[in-house]
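Asks: Give me a 3D structure for the following:
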Amino acid sequence: MHDLRHTHASLLIMDGVPVKVVSERLGHANVAFTMHTYQHLLPGMGAAAARQFAALLTAHTR
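Replies: A predicted model of the protein is given here:
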């Protein structure tokens, strides 16, 4: 059961579901616990967010 729960959370995070939402689905009292547990999934997400933000800036400055 634990593996299924971990896979569920991992897939949601990798698909871009906000960590707050995943944390609530898992019943964690604190989002920080979810972040700590699944932080190995987040490294590339920062670069992706930066690219997405740059694209938004470009689109809105034209």
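Asks: Nearest the geometric middle of the protein, what residue?
Replies: Nearest to the geometric centre of the chain sits residue 13, at 4.0 Å (CA atoms, centre = their mean).
Asks: pLDDT score for that residue?
Replies: What the model reports for residue 13 is a pLDDT of 86.
Asks: biggest helix in the chain by residues?
Replies: Ranked by number of residues, the top helix in the chain under DSSP state H is helix 43-60.
Asks: sorry, back to before: and the closest residue to the residue nearest to the centre of the chain other than its chain neighbours, how many neighbours?
Replies: Of all residues not flanking residue 13 in the chain, residue 41 sits nearest, at 4.9 Å (CB to CB, 6 or more residues apart in numbering). C-beta: built from backbone N, CA, C; applies to glycine. Residue 41 sits with 15 neighbouring residues when counted by other CB atoms under 10 Å.
Asks: any low-confidence regions in this protein?
Replies: Residues of the chain that meet the criterion pLDDT under 70 lie in 42-43, 62.
Asks: Brilliant, that's me finished.
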